[in-house]
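S.K.: just to be clear, the model below is a prediction. Sequence and coordinates:
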Amino acid sequence: MGEMELPTVREALPGDEAAWRRLWAGYTSWYKAHVPDDVTAATWARILDPGSAIFCRVAESDGHVVGFAVCILHAGSWVVDPICYLEDLFVDPGARGVGVGSALVQDLIDLGRSRGWARLYWHTQTGNEAARRIYDRFTAVDDCVRYQLVLT
């Protein structure tokens, strides 16, 4: 991609579907996960639905979508204001190292402050050193351990 301009982060739009799907395929491949096509289609539909708790921010550079953050806004039992869970963040491998991941996280921080969210949180794999280098710039890792029980 050569020298890239700093990314602009914005809400995902219907015209971003092809770019998002390309990046989504790279993301799920990185995790060695298979997400069925109907789930991917449902996720995209939820992203575009203003009544859905799921939303997506995309990073655009040189006119191309080069990253995304898929989030879920939810209520909590310890706070009154909404909580944002950053579930998925991915940057095109050709666009890494120029601040796209940091721009996506900073955008969510700024959005949350402007919209009155109580907090923003996310998870990553312990060995995901590249992502952790970005995340460590924003906050220290906490001591929580995640448990996951698959029900379907």
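M.R.: It's in.

S.K.: check what pLDDT Glu3 gets.
M.R.: Note for Glu3: predicted pLDDT of 63.

S.K.: same question for the one 10 residues further on.
M.R.: You'll see Leu13 listed with a pLDDT of 98.

S.K.: distance of it relative to Leu48?
M.R.: Separation of Leu13 from Leu48 (C-beta to C-beta, to the nearest Å): 8 Å. All C-beta spots, glycine's among them, are computed from the backbone N, C-alpha and C.

S.K.: more crowded one of those two?
M.R.: Leu48 (16 against 13; other C-beta atoms under 10 Å).

S.K.: pretty sure the more buried one contacts Ala12?
M.R.: Yes. If you go by C-beta atoms under 8 Å, Leu48 and Ala12 touch, sitting 7.3 Å apart.

S.K.: distance check, the closest residue to Leu6 other than its chain neighbours against Val91.
M.R.: The shortest distance from Leu6 to any non-neighbouring residue, by C-beta to C-beta, 6 or more residues apart in numbering, is to Gly99 (6.3 Å). According to C-beta to C-beta, Gly99 stands 10 Å off from Val91.

S.K.: so for the two, which residue has more residues nearby?
M.R.: Of the pair Gly99 and Val91, Val91 is the one with more neighbours under other C-beta under 10 Å, namely 27 against 17.
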